[in-house]
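Novice: Got a sequence here, can you model it:
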Amino acid sequence: MGVMTIDGRKVEFTDEPNILTVIRKADIDIPTLCYHSELSVYGACRLCTVENDKGKTFASCSEPPRDGMVIYTNTPRLMKYRKLILELLLAAHCRDCTTCIKSGECQLQSLAHRMGVMDVRFENTKELQPIDDSSPAIVRDPNKCILCGDCVRMCDNVQAVNAIDFAYRGTKALVTPAFDKKIAETDCVNCGQCRVVCPTGAISIKTNMDVIWDLLADKDTKVIAQIAPAVRVAVGDQFGLPRGENVMGKLVNVLHRMGFDEVFDTSYGADLTVIEESEELLNRLESGEKLPLFTSCCPAWVRYCENRYPEFAENLSTCRSPQQMFGAVVREYYKDPEKNLGKRVVSVSIMPCTAKKAEILRPESSTNGKQDIDYVLTTTELVSMIRKSGIRFENLEIEASDMPFGIGSGAGVIFGVTGGVTEAVLRRLRKGHNRVDMDNIKFSGVRGEKGLKEVEFDYNGRTIRAAIVSGLRNADALLKRIKAGEVHYDFVEVMACYRGCVMGGGQPVPAGPRTKSARMKGLYDSDVNTQIKKSNENPLVQTLYDGLLKGKEHKLLHRNFEAAKNE
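Specialist: Take a look at the predicted model:
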């Protein structure tokens, strides 16, 4: 342990990695545009520059703390320096702030107000760059990029995708895919994590809000929605409610008021996934083929596997994701004229994930040549639509999801956190409802924020080894070890986004450590308050298997690889 003097006050530190962390520990909100604790230190923006007692200035994010240091964070010299940095950034930045999708949420805009930048003295001589909207998930606007490098480091350090990087030098520097390709022409997996860390509007979600508004106003169209588990714990704090609070009931209410005809719970689709994936695991264990079984509910991970490790593509589960299973079932259900009332049926899913926008376009996500899900709205888009509607979300009463797809089990709800799929499968394989057994699963190592977790469990006398990984760089490291024969697993759950869907690329940002933990806790609390703990004991799911699904299980619940081959 050491002691630093910050602005005249003694501050203790222990294992803090840099001076910036110690300064924030002292409750001083020093500005940054390029620092994220989970990314490598880059020191690009220099806004966190501080001064020592000898007058030396340096970036606090890249300097380790030392005992006895004397640091000043807000001298007149530093204030002037930060203001000049912001003015220079704004000089080379698109000035369409009032119409920018990040207006009011832009960190550059916020810091400019905070530092009192009322005028930009310098001319913008930067060449206008074309907007890249080739991706179904994100939009790149290089004219709003401030070269902070956050997206580059996220794509490399955390996701190991390397779809974008710096190109050229000096005033011509750009963040771009190699050889000026469109982002859709790269190995981008559409995870949206670059958008999560982007402080400006340089990377944003490709939105479907306008077309949804038009559909909701069309009296000849029946618009149905499904809401993913992670969405319900990420909306409330945008309207002044506690972080991580489960607002599913309010979401159902607001969607009905906005014009959605039916609102369902994707946890129901997750229950279907658990049942089918559990059976697939048992079949593969019996045959000994194509092990380990990799989960396939994360489309960004599926694309990553196909791009980087095609030799493991056959190990991916043939099960559709909960979104796609639900979409296929709902499409089949509304084929009945009594159900669709002679109207066109449009299926909308509300997801925490930008990659879901790409998943619905994959050929194997169609049934009988028909796309199962028509549109995907991310949580962030939904928040914007609620605000636009003027409905006071925080004051709404709760409503139940519509039947017959309105009830999901607790196992389906926890799909939104890393380890949730594995825990749900373990519950499915465990006989009975012994509370001790359920607690043993809970404390087996499936929960927690670690990027890689390993679990062993007994199934009828056989030890089954499972791995749980979140963040594609962690997945990359694990796949290399599996490929080299260093480790052996029977089941591997992979989520592209670190901590799982609660931190998906479509979730509201910024989200600090307390928000991340609150979202995870919110889903686990929802599980506690759900009477049905096991997916196979959801009575509505059992009814579906006995009725609409009978004889159509593979067609509706598994990926249509033949369609993909014929594409």
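Novice: only C-alpha atoms for contact and neighbour calcs from this point on.
Specialist: OK.
Novice: any idea how far residue 424 lies from residue 527?
Specialist: 11 Å (Cα to Cα, to the nearest Å).
Novice: correction: residue 519
Specialist: With Cα to Cα as the criterion, residue 519 and residue 527 are 13 Å apart.
Novice: higher neighbour count, those two?
Specialist: Between residue 519 and residue 527, counted using other Cα atoms under 10 Å, residue 519 has the larger neighbour count: 26 against 19.
Novice: hang on, residue 520 in a strand?
Specialist: No - counting by DSSP: H, G, I helix; E, B strand; the rest coil, residue 520 is located in no strand; its state is helix.
Novice: So what's the residue count around it?
Specialist: 26.
Novice: Surely it touches residue 502?
Specialist: Yes - at 6.8 Å, residue 520 counts as touching residue 502 under the criterion of Cα atoms under 8 Å.
Novice: list the residues that contact both of these two?
Specialist: residue 417 (Cα atoms under 8 Å, 6 or more residues apart in numbering).
Novice: still on that earlier bit, okay, and the common contacts of residue 424 and residue 527?
Specialist: Joint contacts of residue 424 and residue 527 (Cα under 8 Å, 6+ apart) are 411, 414.
Novice: can you list contacts of stretch 168-180?
Specialist: With Cα under 8 Å, 6+ apart, stretch 168-180 has contacts from 126, 142, 145, 147, 149, 152, 163-167, 183, 186.
Novice: next one: stretch 13-20
Specialist: 1-4, 22, 30, 48, 60-65.
Novice: again, only using 7 Å
Specialist: Outside of stretch 13-20, the residues within contact range by Cα atoms under 7 Å, 6 or more residues apart in numbering are 1-3, 22, 60-65.
Novice: Stretch 270-281 now?
Specialist: Under Cα under 7 Å, 6+ apart, the answer for stretch 270-281 is 293, 319, 321-322, 408-409, 412, 424-425, 535-536.
Novice: want to try TSV for those residues, with pLDDT, secondary structure and neighbour count as columns?
Specialist: Below are the contacts of stretch 270-281 laid out as TSV (pLDDT from 0 to 100; DSSP: H, G, I helix; E, B strand; the rest coil; neighbours: other Cα atoms under 10 Å):
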residue	pLDDT	secondary structure	neighbour count
293	96	strand	24
319	94	strand	24
321	95	coil	26
322	95	helix	25
408	88	coil	31
409	90	coil	25
412	91	helix	33
424	92	helix	27
425	92	helix	23
535	90	helix	28
536	88	helix	20
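Novice: Tell me which stretches of the stretch 251-400 of the chain form helices.
Specialist: Using DSSP state H, counting those that start in this stretch, the helices of the stretch 251-400 of the chain run over 266-287, 299-308, 322-333, 337-340, 355-359, 379-389.
Novice: so how far is the second one off the chain centroid?
Specialist: It refers to helix 299-308. Helix 299-308 has its C-alpha centroid displaced from the chain centroid by 15 Å (Cα atoms, centre = their mean, to the nearest Å).
Novice: With the fourth one instead?
Specialist: Its chain's average C-alpha position is 35 Å from that of helix 337-340, according to Cα atoms, centre = their mean.
Novice: Give the buried residues for stretch 125-142.
Specialist: Judged by neighbour count (16 or more other Cα atoms under 10 Å), stretch 125-142 contains these buried residues: 132-133, 135-142.
Novice: Test my guess that residue 398 contacts residue 250.
Specialist: Yes - with contact defined as Cα atoms under 7 Å, residue 398 counts as touching residue 250 (4.6 Å).
Novice: Give the residue from the two that has the larger number of neighbours.
Specialist: residue 250 (21 against 14).
Novice: measure that one to residue 20 for me?
Specialist: 39 Å.
Novice: which residues does residue 515 contact?
Specialist: 243-244.
Novice: chain center to the strand or helix carrying it: distance?
Specialist: Taking DSSP states H and E as the criterion, residue 515 maps to helix 513-528. Remark: helix 513-528 is offset 15 Å from the chain centroid, using Cα atoms, centre = their mean.
Novice: picking that back up, ok, of the contacts of stretch 168-180, which one's closest to residue 456?
Specialist: Nearest to residue 456 out of the contacts of stretch 168-180 is residue 163 (Cα to Cα; 35.3 Å).
Novice: Report the beta-bridge partners for residue 262.
Specialist: Residues in a beta bridge with residue 262, per DSSP bridges, are residue 224.
Novice: In terms of pLDDT, where does it sit?
Specialist: pLDDT for residue 262: 95.
Novice: For it, grab the count of nearby residues.
Specialist: Residue 262, neighbours per other Cα under 10 Å, totals 19.
Novice: Quick one: the helices in the stretch 451-567 of the chain, in order.
Specialist: Using DSSP H, counting those that start in this stretch, helices in the stretch 451-567 of the chain cover 472-483, 513-528, 539-546, 553-557, 561-566.
Novice: Pull the distance from the third one to the chain's centre.
Specialist: I take that to be helix 539-546. On Cα atoms, centre = their mean, the centre of helix 539-546 falls 30 Å from the chain's centre.
Novice: Once you drop chain neighbours, what's closest to residue 452?
Specialist: Distance criterion Cα to Cα, 6 or more residues apart in numbering; nearest residue to residue 452, sequence neighbours excluded, is residue 469 at 4.5 Å.
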